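**Student:** Predicted structure and sequence below. I'll ask about it afterward.
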Amino acid sequence: MVDVILGLQWGDEGKGKIVDFFAPKYDVIARFQGGPNAGHTLYVKGEKVVLHQIPSGIFHKGIINLIGNGVVLDPVTLKKECEKVAAMGVNVKENLFIAQRTNLIIPTHRALDKAAELAKGDEKIGSTLKGIGPAYMDKTGRNALRVGDLLDPGFKNLYNKLRTKHQQLLDNYQFTEDISAWEQEFFEAIEFLKQLNIVNGEYFINQKIAEGKKVLAEGAQGSMLDVDFGTFPFVTSSNTISAGVSTGLGIPPNKIGEVIGITKAYCTRVGSGPFPTELFDATGDELRKIGNEFGATTGRPRRCGWIDLVALKFACMINGVTQIVMTKADVLDSFPDLKVCTSYNVEGKETDEIPFGISQLKIDPVYKAFKGWSKPVTDCKNWADFPEQMHLYLNFINQYLGVEVKYVSNGPGREQIIFQ
Ligand code: GDP
Ligand code: IMO
Ligand code: MG
C-alpha cells in the first residue's frame, strides 16, 4: 500500500518534518515530483538540515529513499546533499535509489529559468531559479536527458545537442552570463551520480509493494502551486497533487491509501501570485517573525496571512485528503484575535469556490473571527491539554473541510507533534 504526504497550501507547510516523523512506519519514502526548488527542513539530533532533492526519510536506518521519475534532478545539488548527509552518518550507497527515468536539470536550464524570469519583468513568477520550468518543458517537449542516459557512452553528445538548442534560446533572450563554471560542476557531479543506485523505478517500487512493503510518497511544493489546479500561471511546473504520485512513481491509483494533507495553522506564500488572505500589516509581520517565515531554499521572506479555508477545501477535494496535519499551531500562541477565511468576495459576488481567474480578479476574503488561545501550546503533551479556544478553532476547521485535523505540530522538533 502507498500513503501520501503532501502540502495543501503554497508550499513550506512542514512536509519535511512530518515525513521524518512518519518515516519509521514505512519501508520506502519516495519523492514523486518537483526538484531542488523544494526545501524540506528536518531536525536531526538537534541539528537543522534542509533537503532539496533527497527524500526526508534518509536519516532512518533501513528505510529505502527513492527519487522517482516525476522528479527533476540537479546532479550538483544532489552531490552536495549526499556529502552533507554522509557527514551525518548516512550511507547513501545503501539507502538512496534513483529512478532511471528521472529527468536531469542541466546548467542551461538554470540559465533559461533566469533569462525567462528577467524577460517577464513585473510579471515574473518568482521562480526559485533552479531550472525547474525549463527542465519540465524539455520533458514534455520530449528533449530531456534522463538519469538512465548518463550510462550511455554517447552522453556527452546528447548533452551537447541539447545545450546547442538551449544556446539558441539563450541568445534570443540576450543572456550572456558565463556558465562554464556551472558546467564543470555538473560534469563532476554526474560522475558522482553514476556511482549511486540507479534503478528501474517503476519495477523497483511495484516489487516492494508486491512484497507487502509500505511506501510513503512525499510531495514537494503545495497543491495551490500545482501546474493544473494552482494559481496559474504563478505555479510550479509539476503536478503536486496526489494524482502526481501515479505518474511520478509508476504506481497504479488503486494502490494509494491514506492521503495526509498538511496545512499550517495560518498561510504563507513565497514568490509572486494571488494570495487572498495575505496580511500587509503588523499582524503579517508578526506571523513572519514568530513563524520564522523565510524560504528554506532561497531565504526570501515569505508572505503571511490567515488560514484560507476556501483554498484548503479545494485542496482536500482534488487530493482526496483523508486526514490533516496542522503545523505551526504554536506560532499563533500570542495572537489575541485570529481569523479564518470562509469565502471570497469576488468583485461583489460571494463564493466558496476557487475562481478560474484567481490571478486576475480582485478578491476580498470574508472572515470568521476567533479569540486567540494566548497560551504556549508547545508545552502541551496531549490533545486534551490544548486550550479551549484552540479546540474551537480546530473544530470549526474540521467541520468546514469535512476532513479531520488528526495531528497538530507544536514546534519544529521531530517529537513536537500531538495526535487525537
Ligand atoms: P516544507 O517545505 O513543507 O518541508 O517546509 P519548510 O521546511 O520549507 O518550512 C517549514 C518550517 O517550519 C521549517 O523551518 C520547520 O522547521 C518549521 N516547522 C515545522 N513544523 C513546525 C511547528 O509545528 N512549529 C514551528 N514553530 N515550526 C515548525
Ligand atoms: P517546498 O517543497 C514554497 C514557488 C516559487 C515560485 C513558484 C515557481 O519547500 O514546499 P519554481 O522554482 O518551481 O519555478 O517556482 O513556486 N515554489 C515554492 N514555494 N515552497 C516550495 O517548495 C516551492 N517550490 C517552488 O517561490 O513562486
Ligand atoms: Mg520548503
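**Tutor:** Perfect, I can see it now. Ligands and ions are numbered 1, 2, ... in the order given.

**Student:** From now on I want contacts and neighbour counts done on CA atoms only, so please keep to that.
**Tutor:** Fine.

**Student:** Let me see the mean pLDDT of stretch 108-125.
**Tutor:** Mean pLDDT, stretch 108-125: 97.

**Student:** Spell out which residues of this structure are next to ligand 1.
**Tutor:** 11-17, 38-42, 291, 296, 327-331, 409-412 (C-alpha under 6 Å from any ligand atom).

**Student:** Can you list which of those are found in helices?
**Tutor:** Among these, the members falling in helices (DSSP state H) are Lys15, Gly16, Lys17.

**Student:** between those residues, which is nearest Thr247?
**Tutor:** The nearest member of those to Thr247, counting by C-alpha to C-alpha, is Lys15 at 20.2 Å.

**Student:** count of residues packed around the closest one?
**Tutor:** 28 (other C-alpha atoms under 10 Å).

**Student:** tell me the contacts of it?
**Tutor:** Ile5, Leu6, Gly7, His40, Glu218, Gly219, Ala220, Ile262 (C-alpha atoms under 8 Å, 6 or more residues apart in numbering).

**Student:** switch to 7 Å and redo it
**Tutor:** Contacts for Lys15 (C-alpha atoms under 7 Å, 6 or more residues apart in numbering) come out as Leu6, Gly7, His40, Ile262.

**Student:** Quick check: Val90 is in a strand.
**Tutor:** No: under DSSP: H, G, I helix; E, B strand; the rest coil, Val90 falls outside any strand and is assigned coil.

**Student:** for it, phi and psi?
**Tutor:** phi -90, psi 140 (degrees, to the nearest 10).

**Student:** Please report how far it lies from ligand 1.
**Tutor:** Taking C-alpha to the nearest ligand atom, to the nearest Å as the measure, Val90 falls 20 Å from ligand 1.

**Student:** Helices along the stretch 51-200 of the chain, start to end?
**Tutor:** 75-87, 92-95, 107-120, 132-140, 155-172, 180-194 (DSSP state H, counting those that start in this stretch).

**Student:** Serialize the ones you listed to CSV and add fields for distance to ligand 2 and mean neighbour count.
**Tutor:** Below are the helices of the stretch 51-200 of the chain laid out as CSV (distance: least, C-alpha to the nearest ligand atom, whole Å; neighbours: other C-alpha atoms under 10 Å):
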stretch, distance to ligand 2, mean neighbour count
helix 75-87, 14, 18
helix 92-95, 21, 16
helix 107-120, 8, 20
helix 132-140, 5, 21
helix 155-172, 17, 14
helix 180-194, 18, 15
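
**Student:** Report how many residues lie close to Phe232.
**Tutor:** By other C-alpha under 10 Å, the burial measure for Phe232, its neighbour count, is 20.

**Student:** and Gly11, what does it touch?
**Tutor:** Per C-alpha under 7 Å, 6+ apart, neighbours of Gly11: Gln221, Gly222.

**Student:** Among the residues of the chain next to ligand 1, name the buried ones.
**Tutor:** Neighbour-count burial (16 or more other C-alpha atoms under 10 Å) applied to the residues of the chain next to ligand 1 gives 11-17, 38-42, 291, 296, 327-331, 409-412.

**Student:** and ligand 3, which of the residues you listed reach it?
**Tutor:** Asp12, Gly39, His40 (C-alpha under 5 Å from the ion).

**Student:** Check what contacts stretch 104-124 and list those residues.
**Tutor:** 72-74, 125, 129-131, 133-135, 145-147, 163, 166, 170, 173, 175, 182-183.

**Student:** State the mean pLDDT of stretch 57-64.
**Tutor:** 97.

**Student:** I meant to write stretch 138-157 there.
**Tutor:** Averaging pLDDT along stretch 138-157 yields 97.

**Student:** buried sites along it?
**Tutor:** Asp138, Lys139, Ala144, Leu145, Arg146, Val147, Gly148, Asp149, Leu150.
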